[in-house]
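Student: predicted model and sequence below, questions to follow.
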Amino acid sequence: MTRNRSRLRRLGWFAVWLSATVGVLWFKALPISAPLENDEFYWVGSSYYFDLAFIQTDWTHPDWALLPARENPPVAKYVLGLGLLTNARHVSAPTLLSTFYAFFEDVPGAWGKGSDYAAREQVALRMSPELRAHIRAGNPVGLDPTLLIPARRTALVCAAIASFLLFVLGFRWISPLAGVVSSQLLLFHPTVVAAYNHAMADAVALMFTAATAVAACGFLGIILAEPEPGRSPFWSASLTGVLAALACGSKMNSLVIVFTLGLAVGAVAIAGFRRDRQRGIRIALAGGWMGFLALAVFVLINPTIVRDIPGGLWPICSADRVAGHIGGRLGRLGACGRDPTKDGRTGTSLCRVIRATRVAPLKAEAAKSKPIGPPNFRRPLANERFLFLVWPMKTDKQAIRDLIDTWFAATKSGDVATVLKLMARRRGFHGPRTGAVRQGGLRRRQPAAGRAEDRWLE
């Protein structure tokens with residue numbers, strides 16, 4: 001009787017979680033209508049490595065040496081590829097990856113220098129010259145909906161699973177209500193909403209990280225409890241290690257939970273060793289086995305690392321070291337107001353994205369009082385404004401967003417008065433190698449080699 005009541009209680013709370021999740025996703029999930037992000041070209045294109053690994057079963061293909069295979073771990077690529085395969089679609093060539101890198105070809109510093117530049121150019125060369133010229137001319141490029149929408153739905157499923165795992169975590173170790181509330185707050189968070197509305201790695205990493213947390217709590221519960229006959233912590237340690245490898249194999253941010261778990265296991269092992277030497281050694285061995293298995297699985301699922309373990313691990317661990325932040329990240333927005341002569345920083349890529357490359361023709365048009373069309377902005381995205389939807393903004397960041405919105409609206413509608421007003425107002429944006437920028441007006445910076453017409457909107 002008690003067992004039946006327990007089952008009914010679990011089913012009841014599961015029904016509550018399911019109803020709440022369906023309600024939240026009904027309003028928040030927009031896999032079809034969400035604006036396209038440039039990173040989606042990268043991640044949908046990265047599912048090409050699922051095709052190489054599991055459809056062509058070629059783990060020695062030369063394309064495993066390309067930058068996209070080395071700069072990010074492969075699990076999210078595999079999961080997105082599996083999602084496409086369930087819809088009878090797959091990516092069989094690196095064209096979308098080439099498209100992504102070509103978006104940033106004309107952004108100063110985005111490809112880095114030396115070997116970093118050469119690695120990105122090698123990927124961009126895999127696309128047709130016609131398409132590359134089309135992108136460099138500033139023309140829009142779309143992503144096939146038959147690839148984009150299934151990949152987004154895959155991310156949505158991963159986020160729903162992560163929500164369920166968080167519900168299980170709260171239900172098991174805190175209270176059923178805590179599980180329901182925390183799982184729904186997760187789905188409401190703006191960053192998570194952006195993650196499951198776009199085909200990227202974040203939702204996949206969130207799912208495996210939540211699974212690792214659930215398994216880790218079970219493992220810690222075993223090693224903290226008094227030893228029971230026939231109950232070994234090694235099976236739980238094995239499951240936790242595999243899930244931790246998959247979490248880090250989705251996105252390296254998941255290392256946070258790995259380090260936290262390692263510190264917890266170490267503290268429990270030391271405390272156990274003081275009370276019972278054999279028990280402390282047993283806990284330490286279980287923790288060591290978990291770490292070893294996690295590293296082994298992380299290496300084995302990545303052909304790039306299997307081919308060259310030291311050379312394969314380093315690019316993944318240092319993927320964000322390039323100043324251009326080529327993964328679509330435009331740096332910290334607050335850096336746009338910083339004086340680069342004081343701390344060595346130059347303006348971020350945001351300042352580069354909002355630059356006007358044809359200032360003189362714009363002034364000529366304004367002098368003739370003719371309607372002004374949109375200036376030739378280098379816009380890698382269909383809609384740049386998504387950049388400001390992910391993180392909460394401070395006053396200065398909101399001002400930058402308002403400026404960009406007003407500028408695009410005015411130039412699109414031919415509002416000469418508004419454009420001239422924006423040009424006359426005082427702005428404090430910084431460009432690279434310009435030092436402390438003079439406040440107010442438009443000013444030409446010293447052109448770099450081969451860019452005689454390169455000007456900045458300040």
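Tutor: In hand now; what should we look at? Residues are numbered from 1 along each chain as shown.

Student: where's residue 39, which helix or strand?
Tutor: Using DSSP states H and E, residue 39 falls within helix 38-46.

Student: pLDDT on the following helix or strand past that helix, on average?
Tutor: For helix 38-46, the following helix or strand on the C-terminal side (DSSP H and E) is helix 48-50. Taken as a whole, helix 48-50 has an average pLDDT of 95.

Student: what does helix 48-50 contact?
Tutor: With contacts defined as CB atoms under 8 Å, 6 or more residues apart in numbering, helix 48-50 is touched by 63-64, 68-69, 74, 77-78, 80-82, 84-85, 90-94, 96-97. Every C-beta, even on glycine, is put in place using the N, C-alpha and C of the backbone.

Student: give the PyMOL command for selecting the buried subset of those.
Tutor: To isolate the buried members of the contacts of helix 48-50 in PyMOL, using 16 or more other CB atoms under 10 Å:
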select buried, resi 63+64+68+69+74+77+78+80+81+84+85+90+91+94+96+97
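
Student: out of the contacts of helix 48-50, which sit inside helices?
Tutor: Residues of the contacts of helix 48-50 located in helices (DSSP state H): 68-69, 77-78, 80-82, 84-85, 96-97.

Student: those into CSV, with extra columns for pLDDT and distance to residue 234?
Tutor: Listed next are the ones in helices among the contacts of helix 48-50 as CSV, based on pLDDT from 0 to 100; distance: CB to CB, whole Å:
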residue, pLDDT, distance to residue 234
68, 89, 37
69, 88, 33
77, 95, 31
78, 96, 27
80, 95, 33
81, 95, 32
82, 95, 30
84, 95, 37
85, 94, 34
96, 92, 43
97, 92, 41
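
Student: out of these, who's nearest residue 293?
Tutor: The shortest approach to residue 293 among the ones in helices among the contacts of helix 48-50 belongs to residue 78, at 19.0 Å (CB to CB).

Student: check contacts around that closest one.
Tutor: 47, 49-50, 53-54, 301.

Student: if we use 6 Å, what do you get?
Tutor: Residues counted as contacts of residue 78 (CB atoms under 6 Å, 6 or more residues apart in numbering) are residue 50.

Student: next: residue 193.
Tutor: For residue 193, the contacting residues are residue 28, by CB under 6 Å, 6+ apart.

Student: next SSE after the longest helix along the chain?
Tutor: If you go by DSSP H, the chain has its longest helix at helix 145-173. Following helix 145-173 in sequence order, the next helix or strand is helix 176-188 (DSSP H and E).

Student: any idea of the angle that next one forms with helix 145-173?
Tutor: 160 degrees (axes from the mean of the first three to the mean of the last three CA atoms, to 10 degrees).

Student: who's in contact with helix 176-188?
Tutor: The contact list for helix 176-188, computed with CB under 6 Å, 6+ apart, reads 13, 16-17, 20, 24, 163, 166-167, 170-171, 192.

Student: and if we set it to 10 Å?
Tutor: Under the contact criterion CB atoms under 10 Å, 6 or more residues apart in numbering, helix 176-188 has outside partners 9-10, 12-14, 16-17, 19-21, 23-25, 27-29, 159-160, 162-175, 192-193, 196, 206, 210.

Student: where does the prediction get shaky in the stretch 201-350 of the chain?
Tutor: Applying pLDDT under 70 to the stretch 201-350 of the chain flags the ranges 226-231, 308, 310-350.

Student: quick one: the helices in it, in order.
Tutor: 202-224, 233-250, 255-275, 277-300, 303-307, 309-317, 340-343, 349-353 (DSSP state H, counting those that start in this stretch).

Student: distance to residue 179 and mean neighbour count added to the ones you listed, as a markdown table?
Tutor: Formatted as a markdown table, the helices of the stretch 201-350 of the chain follow (distance: least, CB to CB, whole Å; neighbours: other CB atoms under 10 Å):
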| stretch | distance to residue 179 | mean neighbour count |
| --- | --- | --- |
| helix 202-224 | 11 | 22 |
| helix 233-250 | 19 | 24 |
| helix 255-275 | 18 | 15 |
| helix 277-300 | 25 | 18 |
| helix 303-307 | 36 | 19 |
| helix 309-317 | 34 | 14 |
| helix 340-343 | 45 | 11 |
| helix 349-353 | 39 | 22 |
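
Student: out of those, nearest to residue 151?
Tutor: Between those, helix 202-224 lies closest to residue 151; by CB to CB that is 10.5 Å.

Student: between the closest one and helix 75-85, how many degrees?
Tutor: Put simply, helix 202-224 runs at 120 degrees to helix 75-85, going by the same axes, to 10 degrees.

Student: give me the helices and strands touching helix 202-224, please.
Tutor: Applying 3 or more CB pairs under 10 Å, 6 or more residues apart in numbering; DSSP states H and E, one finds that helix 202-224 makes contact with helix 38-46, helix 75-85, helix 145-173, helix 176-188, helix 190-196, helix 233-250, helix 255-275, helix 277-300.

Student: now these in a markdown table, with distance to residue 405?
Tutor: Below are the helices and strands packed on helix 202-224 laid out as a markdown table (distance: least, CB to CB, whole Å):
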| stretch | distance to residue 405 |
| --- | --- |
| helix 38-46 | 19 |
| helix 75-85 | 32 |
| helix 145-173 | 25 |
| helix 176-188 | 25 |
| helix 190-196 | 19 |
| helix 233-250 | 34 |
| helix 255-275 | 35 |
| helix 277-300 | 43 |
